[in-house]
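[1] predicted model, plus sequence, below.
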Amino acid sequence: MTIQSKVMVDKNFVVADVDQRIYGSFIEHLGRAVYGGIYEPGHPSADEQGFRRDVIEAVKALQVPIIRYPGGNFVSGYNWEDGVGPKDQRKRLLELAWWTTETNEVGTNEFADWAKLVGSDVMMAVNLGTRGADAARNLVDYCNHPSGSYWSDLRIAHGYKEPHRFKTWCLGNEMDGPWQICAKTAEEYGRLANETAKVMRWVDPSIELVACGSSSSGMQTFGYWESTVLDLCYDQVDYLSLHTYYNNNYNDTANFLATSLDLDHFINSVASICDATQAKKRSKKKLMLSLDEWNVWKTIGSSRAEQRWQIAPPEFEDVYNMEDALAVGCYLITILKHADRVKMACLAQLVNVIAPITTTADGGLLLQTTYYPFLHASSYGRGKVLQSIVSSPVYDSKDFTDVPYLESVVVYEEEQGVITIFAVNRHLSESMALDVDLRSFGEMSLLEHIVLEHDDLKAVNSTASPQQVVPHAGGSTVVDQSSAKSMLSKASWNVIRFSVK
Ligand code: AHR
């Protein structure tokens, strides 16, 4: 049996331009993300600074425009001064977020160098756990001030004549979480964020600031936290952060693939709170959203105790399967559908720790299943998101009702004259006939129809079988003037691209 669905768009009905920073990611001093991930002196592919060239290439291919650093929970105990200056004088310290030993071999300047190598900007986070406004404004001075102050001259003395000019700064991380080093109440954090933002901007008025939203929508204080924090710092910040992780909790794939409906609801809820604050304050400023941690995370909540004081022990090295790739595809589509509000998003994380890229025990590199939907979205999902009229049969699952079998979004790259449809068929046993109606575009031709699918939804890529789950071209799409008929395999991720020149 085949189910039937339809997508219709008009080139004049635009949701918003895609802000390329929605294809951001995240590197934290956690597990083997930095040490043994991006940085491994002595590895055959390491450059003169110790950065692995094979990892650089895999990241570059993803075209990640911005990378959040140095945490995460790590940042709430981090003294940034420990990570700059001569490496042989850097301290080894007990790191309290993950109970490891931090060698400080990689710090702000090295990360800035690495980010340049992969073609990314840095989204810097400041420590609002153990520290505050003073350390934050000094860090902005060190990173962004040209010269003539103690901190900027120190950067120059450390070999970095040109300022890094980091534009985007996170005011702490998940400050509502009891696991956070020096967690805060909403009132404490709101005031601290406001005053810290103020002095950071006094040092560099060109920066953009992200205030912490709740650690997740599951926090007891979710909602209250957002509105209280925004009451206290609305005028000083540009974005509010959202964090969310999903998993196939009940081993129920239909339900798991519907979790993007929760992401959709989460984004709408936080946007509403921002708008309510805007209304209360009679402000002209509409706050934008930074979904700066999202992913599938299977090992979430596992104990850190056994890892005490090791250096870069493997942590949270989730192995992603086919259904995880489908879920990631659904999240990417959902983020795109909110292009008018979500201006930054970070796949958490990028290398080894809940990541699409893994460095393996044999010294090699593995691209996980989730690498591919991210690669496709980042490569082809730039331009304008068009308002789609979608019709699709729906299903109910344990946690969700009226889940459309078709999850899709349409992006128009006007300059290249290319339309891309990202589509997931959530049906686990039936293929889907998709009618595409692009009537306002005139005649079009098919560029490609890429498919990611596998009969076994638990299939993974491994060192022994690295190509188990990889995309292939040749999906079924037939064009007729300005419409097309596609066939989407059961449980598949599809990228259908048309030339509309
Ligand atoms: O991404 C891993 C961790 O998840 C981050 O350190 C923290 O912010 C979140 O809880």
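    That came in fine, so what should we check first? Owing to the predicted nature of the structure, the values given are computational and were not obtained by experimental measurement. Numbering: from 1, shown residues only.
[2] now stretch 247-254: average pLDDT?
    For stretch 247-254, mean pLDDT rounds to 96.
[3] let me fix that, I meant to ask about stretch 39-50.
    Across stretch 39-50, pLDDT averages out at 97.
[4] which of the residues in it are buried?
    With burial defined by 16 or more other C-beta atoms under 10 Å, the residues of stretch 39-50 counted as buried are 39, 40, 43, 45, 46, 50. In this view, the C-beta of every residue, glycine as well, is placed from N, C-alpha and C.
[5] ok, now stretch 46-62?
    Along stretch 46-62, these residues count as buried under the neighbour rule (16+ other C-beta under 10 Å): 46, 50, 51, 52, 54, 55, 56, 58, 59, 62.
[6] quick check: the residue lying closest to residue 379 once chain neighbours are set aside vs residue 171, distance?
    Ranked by C-beta to C-beta, 6 or more residues apart in numbering and with sequence neighbours excluded, the top spatial neighbour of residue 379 is residue 63, at 6.4 Å. From residue 63 across to residue 171, the span is 27 Å (C-beta to C-beta, to the nearest Å).
[7] neighbour-wise, which of the two wins?
    Taking neighbours as other C-beta atoms under 10 Å, residue 63 and residue 171 compare with residue 171 leading, 27 against 16.
[8] per-residue pLDDT, that one?
    Residue-level pLDDT assigned to residue 171 equals 98.
[9] sorry, back to before: tell me which two of the buried residues of stretch 39-50 sit farthest apart.
    39 and 45 (11.7 Å; C-beta to C-beta).
[10] common neighbours of those two, please.
    In terms of C-beta atoms under 8 Å, 6 or more residues apart in numbering, residue 39 and residue 45 are both contacted by the residues residue 52.
[11] which bits of the stretch 51-200 of the chain sit near the ligand?
    Proximity of the stretch 51-200 of the chain to the ligand (C-beta under 6 Å from any ligand atom) is limited to residues 71, 72, 73, 173, 174.
[12] which of those are buried?
    71, 72, 73, 173, 174.
[13] look up the closest residue to the third one, ignoring the ones flanking it.
    Just to be clear, that refers to residue 73. Leaving aside its chain neighbours, residue 73 sits nearest to residue 97 (3.8 Å; criterion: C-beta to C-beta, 6+ apart).
[14] which strand residues bridge the residue nearest to residue 419 when sequence neighbours are not counted?
    Counting by C-beta to C-beta, 6+ apart, residue 419 lies nearest to residue 498, which is 4.6 Å off, once chain neighbours are set aside. Judged by DSSP bridges, the bridge partners of residue 498 are residue 419, residue 446.
[15] and residue 498, how many neighbours?
    Other residues near residue 498 come to 25 when the count uses other C-beta under 10 Å.
[16] contact partners for it?
    418, 419, 420, 438, 441, 444, 445, 446, 447, 479, 484.
[17] using a markdown table, lay out those residues together with neighbour count and distance to the ligand.
    Converted to a markdown table, the contacts of residue 498 look like this (neighbours: other C-beta atoms under 10 Å; distance: C-beta to the nearest ligand atom, whole Å):
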| residue | neighbour count | distance to the ligand |
| --- | --- | --- |
| 418 | 19 | 34 |
| 419 | 26 | 34 |
| 420 | 23 | 29 |
| 438 | 25 | 39 |
| 441 | 20 | 40 |
| 444 | 21 | 41 |
| 445 | 10 | 42 |
| 446 | 15 | 39 |
| 447 | 18 | 36 |
| 479 | 18 | 42 |
| 484 | 23 | 39 |
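[18] is it possible to get CSV of these that adds pLDDT and distance to residue 127?
    Listed next are these as CSV, based on pLDDT from 0 to 100; distance: C-beta to C-beta, whole Å:
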residue, pLDDT, distance to residue 127
418, 97, 43
419, 97, 44
420, 98, 40
438, 93, 49
441, 92, 50
444, 94, 51
445, 95, 53
446, 97, 51
447, 98, 47
479, 95, 54
484, 96, 52
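[19] for the host helix or strand of residue 358, packing partners?
    In the assignment (DSSP states H and E), residue 358 maps to strand 357-359. If you count contacts as 3 or more C-beta pairs under 8 Å, 6 or more residues apart in numbering; DSSP states H and E, strand 357-359 packs onto helix 53-62, strand 365-367.
[20] okay, those in a markdown table with distance to residue 390 and mean pLDDT next?
    A markdown table is the format used below for the helices and strands packed on strand 357-359 (distance: least, C-beta to C-beta, whole Å; pLDDT from 0 to 100):
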| stretch | distance to residue 390 | mean pLDDT |
| --- | --- | --- |
| helix 53-62 | 28 | 98 |
| strand 365-367 | 31 | 98 |
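[21] closest one to residue 265 among these?
    For those, the distance to residue 265 is smallest for helix 53-62, at 27.6 Å, taking C-beta to C-beta.
[22] sheet partners, orientation included, of whichever helix or strand comes after the closest one?
    Where DSSP H and E defines the elements, the next helix or strand beyond helix 53-62 is strand 66-69. Using DSSP bridges, strand 66-69 pairs in its sheet with strand 24-26 (parallel), strand 121-126 (parallel).
[23] nearest the geometric middle of the chain, what residue?
    Residue closest to the average C-alpha location in the chain (C-alpha atoms, centre = their mean): residue 346, at 1.7 Å.
[24] contacts only, for that residue.
    By C-beta under 8 Å, 6+ apart, the neighbours of residue 346 are 24, 25, 26, 66, 67, 68, 123, 290, 291, 292, 293, 294.
[25] go with 10 Å
    By C-beta atoms under 10 Å, 6 or more residues apart in numbering, the contact list for residue 346 reads 21-27, 64, 66-68, 123, 170, 241, 243, 290-295.
[26] make sure I have this right: it is in a helix.
    No. Judged by DSSP: H, G, I helix; E, B strand; the rest coil, residue 346 forms no part of a helix; its state is strand.
[27] and the residue in the chain that the ligand sits nearest to, how far from residue 354?
    For the chain, the residue closest to the ligand is residue 72, as judged by C-beta to the nearest ligand atom, at 2.8 Å. When distance is defined by C-beta to C-beta, residue 72 is 11 Å away from residue 354.
[28] shared neighbours of the two, anything?
    Counting by C-beta under 10 Å, 6+ apart, the contacts common to residue 72 and residue 354 are 26, 28, 30, 33, 293, 348.
[29] and the fourth one, backbone torsions?
    Just to be clear, that refers to residue 33. Here is the backbone geometry of residue 33 (degrees, to the nearest 10): phi -70, psi -50.
[30] so what's it closest to, chain neighbours aside?
    Nearest residue to residue 33, sequence neighbours excluded (C-beta to C-beta, 6+ apart): residue 353, at 4.4 Å.
[31] tell me, how many residues neighbour that neighbour?
    There are 28 residues near residue 353, going by other C-beta under 10 Å.
[32] same deal with the one 4 residues further on?
    As a burial measure, residue 357 scores 23 neighbours (other C-beta under 10 Å).
[33] ok, residue 409 next?
    Counted by other C-beta under 10 Å, the residues lying close to residue 409 total 25.
[34] wait, it sits on residue 332?
    Yes. Counting by C-beta atoms under 10 Å, residue 332 is a contact partner of residue 409 at 8.5 Å.
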